[in-house]
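> Provided below for reference: sequence and predicted model.
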Amino acid sequence: MDKCLLHDEEAKRTCVKCKKRFCEKCAALTEYSGLCPGCERDKQRRIYDYALKKKTMYLSNALAFLIGALAFLAAGFIFTDFKTAGMVGLCVLGALSLVFFVLFADKCVACRRASALADAIDAEIKKNKNRC
């Protein structure tokens, strides 16, 4: 009978990546992904890093479009013959900045979820490290 890496239980599953054996508690901890806790933690850390990069990109794009929208608004007030184009530019760039703010919020949620899952796996590994 194989023992789990973390728990003092029978290992019934095998990691699809590293082929280590783990128990049902570990499978529940990793949301039944087919990965052992160590591989799942590494995967969540990569997801977190990717989401963090995308989050930064979306925020910078949103701010750039928002600054562009404000520039169009200012140009519309300064130049009287530019009012229509200024308002159109304001609407377009304002809408684009809103889209990027929504994408930014989505990546914030992805970062939070990946970080929480990786931290939970880390805590379980540390808690059971003395048993190994």
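Noted; the coordinates are in hand.
> which residue ranges form the strands in the chain?
13-14, 21-22 (DSSP state E).
> what helices or strands is the last one leaning on?
Spelled out, it's strand 21-22. Strand 21-22 is packed against strand 13-14, with contacts defined by 3 or more Cβ pairs under 8 Å, 6 or more residues apart in numbering; DSSP states H and E. The way it works is simple: take the backbone N, C-alpha and C, and place the C-beta from them, glycine included.
> one step back: comparing the strands of the chain, which comes out most buried?
strand 21-22 (a mean of 22; mean count of other Cβ atoms under 10 Å).
> what sits up against that one?
2-6, 11, 13-15, 36-37 (Cβ atoms under 8 Å, 6 or more residues apart in numbering).
> Same check on stretch 115-132?
The set of residues external to stretch 115-132 that reach it, using Cβ under 8 Å, 6+ apart, is 5-8, 26, 29-31, 37-38, 40-41, 44-45, 48.
> Pretty sure residue 11 sits against residue 19.
No. Residue 11 is beyond contact range of residue 19, at 11.5 Å (criterion: Cβ atoms under 8 Å).
> circling back: redo the strands of the chain as TSV? Include mean pLDDT and distance to residue 103.
Converted to TSV, the strands of the chain look like this (pLDDT from 0 to 100; distance: least, Cβ to Cβ, whole Å):
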stretch	mean pLDDT	distance to residue 103
strand 13-14	89	36
strand 21-22	88	35
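> okay, these in CSV with distance to residue 117 next?
Formatted as CSV, the entries for the strands of the chain read as follows, by distance: least, Cβ to Cβ, whole Å:
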stretch, distance to residue 117
strand 13-14, 18
strand 21-22, 16
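> residue ranges with poor pLDDT in this structure?
Counting by pLDDT under 70, the chain contains low-confidence ranges at 1, 76-77, 79-86, 129-132.
> let's go with 90 and repeat that
Counting by pLDDT under 90, the chain shows low-confidence ranges at 1-15, 20-38, 40-41, 44-132.
> for this protein, what's the longest helix?
With secondary structure taken from DSSP state H, the chain has its longest helix at helix 83-128.
> so how far is that helix off the chain centroid?
8 Å (Cα atoms, centre = their mean, to the nearest Å).
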